[in-house]
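S.K.: Make a model of this:
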Amino acid sequence: MFDNKEKTNIEALGEFGLINHLTKNIELVQKSTIKGVGDDAAVLDFEGKRMLVSTDMLLEGIHFDLAYTPLKHLGYKAIQVNLSDIYAMNGTPTQVTVAIGMSSKFPIEAVEEIYEGIYIACEKYGVDLIGGDTSSSKQGLVLSVTSIGYADAEDVVYRNGAQEGDLICVSGDLGGAYVGLQLLEREKLIYLENPNIQPDLEGKDYIVERQLKPEARKDVIDLLKEIDVKPTAMIDISDGLASEIMHICKQSSKGCSIYEEKIPLDPMTFETAREFNLDPTVCALSGGEDYELLFTVKQADYEKIKFKMDISIIGHITEPASGCNLITKSGNVHPLKAQGWNAFPNSESADK
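M.R.: Prediction:
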């Protein structure tokens with residue numbers, strides 16, 4: 001989890017001393033940040049634009065396992081998954097707040113590693129860390145991030161705008177994060193059985209990184225603006241392709257057809273899934289945590305996007321009576337099911 005160098009107990013600084021220690025080097029870069037850390041609340045000015053706000057939590061034992069999750073990567077990922085929500089609204093993230101709950105087993109050096117990852121993500125994406133909270137926790141490590149951003153009113157994209165005939169598009173490739181998780185879990189079990197055996201992750205860097213260090217797709221939003229394409233509906237893929245397209249269809253009161261042969265899969269994802277006796281398509285449909293963007297566009301925009309290397313057209317929106325369907329490589333039609341990750345496994349609903 002962290003190395004064996006001498007540790008500094010958090011109690012040596014106290015809550016406010018810890019906050020000052022972690023935030024003393026913050027440099028604000030956003031014009032909209034009037035006041036950041038240091039008062040009862042941050043002060044922002046978006047000059048009449050639509051403000052976008054989203055919050056996500058990462059819980060130890062639920063969303064991550066410290067047996068194989070580096071703390072710096074965890075801090076980085078916590079920011080990324082939140083920025084992804086703002087990009088999914090076709091917006092620009094500008095600020096984040098971070099709340100962290102931790103047990104007494106964490107020395108200051110461990111918390112510094114988490115914040116190092118946070119600061120790297122903030123710098124890369126040009127967002128300001130403007131506040132948050134720290135607390136003790138008896139339930140393990142907890143990270144809660146709120147992201148704030150903006151967009152012009154006419155640029156905001158919701159989930160409910162898909163129209164019959166719209167093309168369904170996805171960025172990047174899918175299933176890698178889930179397959180990477182299976183690999184990490186396997187190596188953890190092997191290590192627990194025999195600590196003398198070192199993890200065997202050689203040649204699997206891509207799918208491991210997809211799980212531990214995802215990237216919010218700011219580049220895709222920039223590309224769509226560059227080619228003058230505004231999606232009719234959009235969502236980020238956190239719970240699997242099937243779950244996310246069903247969210248769009250439900251809120252747009254439409255159906256869809258997704259073509260299995262069009263779903264983008266990286267060769268490493270495909271091959272490793274087969275090693276685990278998993279169906280690569282199912283990994284893409286239900287795995288989640290890819291944080292790619294799933295969006296619909298008008299057919300008139302086809303010529304603008306058809307040759308964009310990092311965008312795949314995987315299907316189209318249909319009338320609601322048709323339902324949500326997967327057309328397999330053999331031409332069979334199967335109803336899509338939302339079998340992605342469920343935050344409340346005892347719940348009867350798979351909805352977010």
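
S.K.: Need the residues that contact stretch 57-72.
M.R.: Residues lying outside stretch 57-72 but in contact with it, judged by CB atoms under 8 Å, 6 or more residues apart in numbering, are 1-2, 74, 77-78, 81, 110, 113-114, 116-117, 120, 139-145, 184-185, 187-188, 191, 199, 212. (C-beta placed from N, C-alpha, C; glycine too.)

S.K.: mind redoing it with 7 Å?
M.R.: The list of residues contacting stretch 57-72 from outside it, by CB atoms under 7 Å, 6 or more residues apart in numbering, reads 1-2, 74, 78, 110, 113-114, 116-117, 140-144, 184, 188, 212.

S.K.: Quick one: buried ones out of those residues?
M.R.: Of all these considered here, the ones buried according to neighbour count by 16 or more other CB atoms under 10 Å are 2, 74, 78, 110, 113-114, 117, 141-144, 184, 212.

S.K.: In strands, which of these fall?
M.R.: Secondary-structure check on those using DSSP state E: residues within strands are 142, 143, 144.

S.K.: Now the residue lying closest to the first one once chain neighbours are set aside: which helix or strand?
M.R.: Think residue 142. Across the structure, with CB to CB, 6 or more residues apart in numbering as the measure, the residue nearest residue 142 apart from its sequence neighbours is residue 101 (3.8 Å). Using DSSP states H and E, residue 101 sits within strand 92-102.

S.K.: again, but for residue 150
M.R.: strand 142-151.

S.K.: what's that strand packed up against?
M.R.: Packing contacts for strand 142-151, counted by 3 or more CB pairs under 7 Å, 6 or more residues apart in numbering; DSSP states H and E, involve strand 50-59, helix 71-87, strand 92-102.

S.K.: now these in JSON lines, with distance to residue 263?
M.R.: Below are the helices and strands packed on strand 142-151 laid out as JSON lines (distance: least, CB to CB, whole Å):
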{"stretch": "strand 50-59", "distance to residue 263": "25"}
{"stretch": "helix 71-87", "distance to residue 263": "20"}
{"stretch": "strand 92-102", "distance to residue 263": "28"}
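
S.K.: looking at these, which is buried most?
M.R.: Per residue and on average, the most neighbours among the helices and strands packed on strand 142-151 fall to helix 71-87, with a mean of 24 (mean count of other CB atoms under 10 Å).

S.K.: out of the helices and strands packed on strand 142-151, nearest to residue 288?
M.R.: Closest approach to residue 288 among the helices and strands packed on strand 142-151 (CB to CB): helix 71-87, 11.0 Å.

S.K.: Can I get the closest one as PDB, trimmed to CA atoms?
M.R.: Output of helix 71-87 as PDB, limited to C-alpha atoms (Å, rounded to 0.1, in the frame of the first residue of the first chain):
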ATOM      1  CA  LEU A  71      -2.800   5.300  -3.600                       C
ATOM      2  CA  LYS A  72      -1.500   7.800  -6.200                       C
ATOM      3  CA  HIS A  73      -3.600   6.000  -8.800                       C
ATOM      4  CA  LEU A  74      -6.600   6.000  -6.500                       C
ATOM      5  CA  GLY A  75      -6.400   9.800  -6.100                       C
ATOM      6  CA  TYR A  76      -6.100  10.200  -9.800                       C
ATOM      7  CA  LYS A  77      -9.000   7.900 -10.600                       C
ATOM      8  CA  ALA A  78     -11.200   9.700  -8.100                       C
ATOM      9  CA  ILE A  79     -10.900  12.900 -10.000                       C
ATOM     10  CA  GLN A  80     -11.200  11.300 -13.400                       C
ATOM     11  CA  VAL A  81     -14.500   9.500 -12.800                       C
ATOM     12  CA  ASN A  82     -16.000  12.800 -11.700                       C
ATOM     13  CA  LEU A  83     -14.700  14.900 -14.600                       C
ATOM     14  CA  SER A  84     -16.100  12.300 -16.900                       C
ATOM     15  CA  ASP A  85     -19.700  13.200 -15.700                       C
ATOM     16  CA  ILE A  86     -19.100  16.800 -16.700                       C
ATOM     17  CA  TYR A  87     -17.800  15.900 -20.100                       C
END
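
S.K.: now it, how far from the chain's geometric center?
M.R.: Averaging C-alpha positions (CA atoms, centre = their mean, to the nearest Å) puts helix 71-87 7 Å from its chain's average.

S.K.: Might you list the low-confidence residue ranges for this structure?
M.R.: Where the chain drops to pLDDT under 70, the residues are 1-26, 35-44, 340-352.

S.K.: Strands of that one, start to end?
M.R.: Secondary structure of the chain by DSSP E: the strands cover 33-35, 43-44, 50-59, 92-102, 128-136, 142-151, 167-171, 233-236, 255-259, 293-297, 311-318, 324-327, 333-335.

S.K.: returning to what we had before: so in that sheet, which strands flank the strand holding residue 101, and in what orientation?
M.R.: Strand pairing for strand 92-102, using DSSP bridges, gives strand 128-136 (parallel), strand 142-151 (antiparallel).

S.K.: rewinding a little: among the strands of the chain, which is nearest residue 267?
M.R.: strand 311-318 (14.9 Å).

S.K.: quick one: contacts for residue 117?
M.R.: With contacts defined as CB under 7 Å, 6+ apart, the neighbours of residue 117 are 72, 73, 74, 75, 76.

S.K.: Thanks a lot, catch you later.
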